[in-house]
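Q: Show me the folded form of this:
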Amino acid sequence: MSDNDHTPPRDTAPRATGDTGGKHPAVDPAPPGAHEHPLNAHEMDHHAAGGKTVHHDSPAGAVVAAEQITTSHAVEEEPDIPPAVIARGIAVTGDEGPVYGPLDVTIPGTGLTILTGRGGSGRTALALTISGRMRPNTGELTVLGMTRRSQIRRRVAIAGVDDIDLIDRDVRLRTIVTEHRAWGTPWIKWVKKADQEYYESLCAKVYGQRDLPPLDAYVSQISGLDRYLIRIALALRPADGNEIGMLVMDDLEQVHEFTDRVILMNILARLAEEIPVVVNAVNPLPEFLVPDYTLIELFTDAGHLLPANPGEHPDPALLPKELHL
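A: Predicted coordinates for the structure are as follows:
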């Protein structure tokens, strides 16, 4: 798409195919305007594992448990606020075997939740499931009090899954923002180029006091953090106007620079003051980075071939105190 083309593209999001019958899990489309592309559960974990697909020989290799750990400084949840997510026995299976589950997990209805697990542990597939984009093969799932996926995906925003919301690097931000405006406009109406006012209204909630990148900048010219923040801003303002009740963000490690990651976590913590925010990460976060959050760890060692002797572990005394979890 060129910078001069402001006609909304066709919706190429994958359609649900019903019962997968042991094949690739179905992925449901997001509301119009989202940058979604076809994918399956094992492709998710192929990306999450840095390009290395984890193979499971039997159901015994699946994620069979999730332990919920509340950090010592976490804010206690209000007793009258129901959990954002209640999952009981949910599981997803792909062509190569179990992706995750069956597992039980409860995500609080307020604050920031960090979902951790090894690469290939099914974290991305789980994120897609709780956001209504992927159908679990088994189990019961309630998100924001809803059980139908069509309802869940209208209320839950997801960002950071490249196969869903990746932004083209060779277009200008103005084109991206104009496309967003076009999706929210009747098809028979001509859409003008997005201006600074619309741009700021779209991104202000996420950016806060941070300066917005120039509207005429190419996506390739802005920082990795800004690309991530733009994706979050687009996810939180769906073109169909639905009110978002929860944000799910995949793969925190995509933001490589430590200082940028600190900024991102501060922004997510601020957003979590209004709606529950779920973040996928490989490792738990140091308390100095985000003091108040709920940690949910997926234990997946049963699904990986591990050496009997893992080798030498670093001496904790030699590590910076920031890395002591």
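Q: quick one, helices of the protein?
A: 41-48, 123-130, 149-155, 162-165, 173-183, 196-207, 224-236, 258-271 (DSSP state H).
Q: Tabulate those helices (a markdown table), appending mean pLDDT and mean neighbour count.
A: In short, each C-beta sits where N, CA and C put it, glycine included. Output for these, formatted as a markdown table (pLDDT from 0 to 100; neighbours: other CB atoms under 10 Å):
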| stretch | mean pLDDT | mean neighbour count |
| --- | --- | --- |
| helix 41-48 | 40 | 24 |
| helix 123-130 | 91 | 29 |
| helix 149-155 | 94 | 19 |
| helix 162-165 | 86 | 21 |
| helix 173-183 | 90 | 22 |
| helix 196-207 | 95 | 16 |
| helix 224-236 | 95 | 21 |
| helix 258-271 | 93 | 16 |
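Q: Make TSV from the ones you listed and add distance to Gly311 to it.
A: Formatted as TSV, the helices of the chain follow (distance: least, CB to CB, whole Å):
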stretch	distance to Gly311
helix 41-48	23
helix 123-130	25
helix 149-155	43
helix 162-165	32
helix 173-183	45
helix 196-207	41
helix 224-236	32
helix 258-271	25
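Q: Which of these sits closest to Gly97?
A: Between Gly97 and these, the tightest spacing by CB to CB is seen for helix 41-48, at 8.6 Å.
Q: re the thing from before, looking at the helices of the chain, which is nearest to Asn309?
A: helix 41-48 (26.3 Å).
Q: Output stretch 242-256 in CSV, but only the C-alpha positions, please.
A: Provided in CSV are the C-alpha atoms of stretch 242-256 (Å, rounded to 0.1, in the frame of the first residue of the first chain):
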residue,chain,number,x,y,z
ASN,A,242,-16.1,-1.1,21.2
GLU,A,243,-15.0,-0.4,24.8
ILE,A,244,-11.9,-2.3,25.7
GLY,A,245,-12.0,-4.0,29.1
MET,A,246,-8.6,-5.7,29.1
LEU,A,247,-5.3,-5.5,27.3
VAL,A,248,-3.1,-8.5,26.5
MET,A,249,0.5,-7.8,25.3
ASP,A,250,2.7,-10.5,23.9
ASP,A,251,6.4,-11.0,24.2
LEU,A,252,7.9,-8.2,26.3
GLU,A,253,11.3,-9.3,25.2
GLN,A,254,10.6,-7.8,21.7
VAL,A,255,11.7,-4.5,23.3
HIS,A,256,15.4,-5.2,23.6
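Q: returning to that earlier point: can you tell which of the helices of the chain is closest to Glu96?
A: helix 41-48 (5.3 Å).
Q: Burial check on Leu289, number of neighbours?
A: For Leu289, the count of nearby residues is 15 (other CB atoms under 10 Å).
Q: cool, and Arg148?
A: The tally of other residues near Arg148 (other CB under 10 Å) stands at 10.
Q: per-residue pLDDT, it?
A: Looking at Arg148, its pLDDT stands at 95.
Q: Please apply the same query to Gly101.
A: 81.
Q: How about it: what's its closest non-neighbour residue?
A: Spatial nearest neighbour of Gly101, chain neighbours left out: Ala91 (2.8 Å); criterion: CB to CB, 6 or more residues apart in numbering.
Q: Just give me the neighbour total for the one you found.
A: Neighbours around Ala91, by other CB under 10 Å: 23.
Q: which regions of the stretch 201-325 of the chain sit below the pLDDT cut-off?
A: 299-308, 310, 312-325 (pLDDT under 70).
Q: residue contacts, the closest residue to Glu253 other than its chain neighbours?
A: Take Glu253 and drop its neighbours on the chain: the residue closest to it by CB to CB, 6+ apart is Val282, 5.8 Å away. For Val282, the contact set (CB atoms under 8 Å, 6 or more residues apart in numbering) comprises 116-119, 252-253.
Q: ditto for Leu285
A: The contact partners of Leu285, taken as CB under 8 Å, 6+ apart, are 114, 265, 293.
Q: Could you check how far the second one is from Pro238?
A: Relative to Pro238, Met265 is positioned 24 Å away (CB to CB, to the nearest Å).
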